[in-house]
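Engineer: Provided below for reference: sequence and predicted model.
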Amino acid sequence: MKGLLAAFAILAMAAFPWPTGAAPASITVVMDDNYPPYVFKDGGGNLQGILVDVWALWSKKTGIPVTLRGLDWGQALAEFNDGKADAIDTIFRNPAREKIYDFSGPYATIDVPLVFDAHLSGIKDASTVKGFTIGVKTGDACIDVLAERGIDTVKPYPSYEAMADAAAAAELKVFCIDKPPAIYFLTKKGLERRFLTSPPLYTGQFHWAVRKGQTATFRLIEQGFAQITAAERQEIDKRWLGQGLTSAEDEEWQHQVTVAAVVAVAVGLGLAAWAWSLRRRVRIKTAELRGALDRLAMSEQRFRTIFDNISDAIFIHDADTGAILMANQRMRDMYGVRTVALADIRVNDLSEGNPPYGEAEAMAWIARSADGPQCFEWYARRLDGRLFWVEVSMRRAFIDDGPERLLVVVRDIDERKQAQDQLTRTIDALSRSNTDLERFAYAASHDLREPLNTVVRFAQLLESRYAPQLGEDGADIIGFVVRGAKQMVALVDGLLDYSRVNALVEHFEPVSLDKVLAVVGDNLRAAIADSGARLTIPALPVVTGDEIQLIQLFQNLIGNAIKYRNPEAAPIIALECRAEGLSWHFSLTDNGIGIAPEFRTQVFTIFKRLHTHSAIPGVGMGLAMCKRIVERHGGRIWVDEAASGGTVFHFVLRAELDQPAPRAFA
């Protein structure tokens, strides 16, 4: 941190005139949002840290508002390069960046080590991690450093915390991370004993920068920082990094002790040489002890700063009794604990209180933690009585070489849980509604079918017996009744089939599509012969599904291609099939009259027809049935225009589950 103060002091001594021209109304600065203690987010998602306070002071000194945007580092670089910000902070300087950015002087020196699983051995520098997959932050300077040393087996993550999460899940064994956030996140995730660090891979320095040639902006920012005194910056550092126990008074006292010792030595020249030597050794040991105490105090202060600024609640329990020994500020805020002593709070006071969220269940979880880390959801209670949902992670840990403790990290998931519950209720309501509608459609269709058939039979009987007496007009009227009734029967039959798609099939089985297409060919034999249609069908795979419904699917699609053919050409219909992951992609192409683009999303709607019944017979159920069958089989269906001007129907079906991955058919 002395490097930080020195750099800022150098900037403070700059005494350039303000840039010519009017100062901007405001400036926007992007930076990493995940780099404690320089910049990170609190529990409410707001930016905090050293740089947030420094830029706020810059704004106060210059009178120019500053908009700070904390982003994943890769996104911050992208937005800055796109001109969406005037400056970027938390950036390392390297030759590639010097070509496009103008950099400030350095204000902090950062060690960048390799962090690796404690079970690995022999890792000390870049040459010893070749062959490992190394986690890196997107856009980080570490990527270029590793590449220069012949290492390109890297896996990018959006942030340092994402890397720490992957390490906690045992997905990542080696990663490159700046030392300050490494200390923060490894401590936060309880990984400080599971991972070790190498000597620094390299040392970088923090700068702020503007795009090349933005001289006015550079001078404006530089001169704003020149107005901030070293004392003001030191106060900000103390706020976030803490300070040691020594002070100017302590140093003066130590000086006086030294002087007194020198005087005592001068007065006691007659004392034996061993006494002088002993006094000297005491002074050395005292200085060493004082230095150790200072470093310990600084370390403790930094730990407390990190501990209290983590966005999750942290408890440290007695591993045997479950008593709360220590907690951070976030825990007190989350549970509404103000002045109550932690020793007076039982686990049950912070729980809903009834099984399975009572004290007995909590103690059972604590006991299970002896077998390994535990993670579960819990219904918690604030001290004011309000209930809320949390996610609890607990593990056993040794802290400060003392007895084994229980480390518990608690995350508030109440909003997420409420959203999940609301979604579940909505899905249940929609499912019940769909089931009721399907039952209604099935019952209505079934009950309407017989009366309609009766109307058709008696109208035809009336026509055959009394046509001479009714005359030409009467015969036309009866014909209209018969045709209308038959159309209604077809509609009811279609609706009945449509409602039965979900109702009849409970378990899918392997189905040979070669067999399905053979049945379809027999069913459509007359239509194919009458139209002169030419079909191209390749060898087809086995899929998982219902054979009867798949026959309906292919028969409806091929039948449509024949029905909606070009009146001036015989139908040419081609089926193609290709592997697509664990599914099969089918394409059925025809040279028919086609479908206009504005109607391609409507053709799968029930009862939707693009032609009159007199022009092309039908009830508008075929494609709706196809869509329902494909979706029932876990696939999707859509339509495009064919190169011939006709139509291409695409649909995807799952491969048979016990088969190997699909292979393309010739």
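Structural biologist: Arrived safely. Residues are numbered from 1 along each chain as shown.
Engineer: if I pick Arg381, what's in contact with it?
Structural biologist: Taking Cβ atoms under 8 Å, 6 or more residues apart in numbering as the criterion, Arg381 is in contact with 335, 349-353, 387-388. C-beta here means a position set from N, CA and C on the backbone, and glycine is covered the same way.
Engineer: Dump those residues into a markdown table; add pLDDT as well.
Structural biologist: What follows is the contacts of Arg381, written out as a markdown table (pLDDT from 0 to 100):
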| residue | pLDDT |
| --- | --- |
| Tyr335 | 93 |
| Asp349 | 90 |
| Leu350 | 93 |
| Ser351 | 93 |
| Glu352 | 92 |
| Gly353 | 90 |
| Leu387 | 94 |
| Phe388 | 95 |
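Engineer: of these, buried ones?
Structural biologist: Listed as buried from the contacts of Arg381 are 335, 349-352, 388; burial here means 16 or more other Cβ atoms under 10 Å.
Engineer: closest to Glu171 among these?
Structural biologist: Nearest to Glu171, judged by Cβ to Cβ, of those is Phe388 at 29.9 Å.
Engineer: give me the element that closest one is part of.
Structural biologist: In this structure, Phe388 sits in strand 387-398 according to DSSP states H and E.
Engineer: before we move on, what about Ile314?
Structural biologist: If you go by DSSP H and E, Ile314 is part of strand 313-318.
Engineer: So which other helices or strands are in contact with that strand?
Structural biologist: When contacts are defined as 3 or more Cβ pairs under 8 Å, 6 or more residues apart in numbering; DSSP states H and E, strand 313-318 packs onto strand 324-327, helix 329-335, strand 404-412.
Engineer: closest one to Ala23 among these?
Structural biologist: Nearest to Ala23, of the helices and strands packed on strand 313-318 and by Cβ to Cβ, is helix 329-335 at 38.9 Å.
Engineer: Check which helices and strands that closest one sits against.
Structural biologist: Contacts defined by 3+ Cβ pairs under 8 Å, 6+ apart place helix 329-335 against helix 273-309, strand 313-318, strand 404-412.
Engineer: Flag every buried residue along that helix.
Structural biologist: Under the neighbour-count criterion of 16+ other Cβ under 10 Å, helix 329-335 has 329-332, 334-335 buried.
Engineer: Equivalent analysis for stretch 335-351, please.
Structural biologist: Buried residues in stretch 335-351, counting neighbours by 16+ other Cβ under 10 Å, are found at 335, 337, 345, 347-351.
Engineer: Enumerate every residue touching the residue of the chain most remote from its centre.
Structural biologist: Distance to the chain centre peaks in the chain at Gln469, reaching 78.7 Å (criterion: Cα atoms, centre = their mean). Taking Cβ under 8 Å, 6+ apart, we find Gln469 in contact with no residue.
Engineer: Would you confirm that Leu383 contacts Thr339?
Structural biologist: No - between Leu383 and Thr339 there is no contact under Cβ atoms under 8 Å: 10.6 Å.
Engineer: What backbone torsions are found at the residue farthest from the centre of the chain?
Structural biologist: Backbone dihedrals for Gln469, given as degrees, to the nearest 10, come out at phi -70, psi -30.
Engineer: Relative to Leu462, how far out is it?
Structural biologist: Distance, Gln469 to Leu462, using Cβ to Cβ, to the nearest Å: 10 Å.
Engineer: partner residues bridging Leu196?
Structural biologist: Beta bridges link Leu196 to Phe116, judged by DSSP bridges.
Engineer: how many other residues sit next to it?
Structural biologist: Using other Cβ atoms under 10 Å, the number of residues around Leu196 comes to 16.
Engineer: same question, Gly545
Structural biologist: The local packing of Gly545 (other Cβ under 10 Å) involves 25 other residues.
Engineer: Stretch 540-552: which residues count as buried?
Structural biologist: Of all the residues in stretch 540-552, those buried under the rule 16+ other Cβ under 10 Å are 540-547, 549-552.
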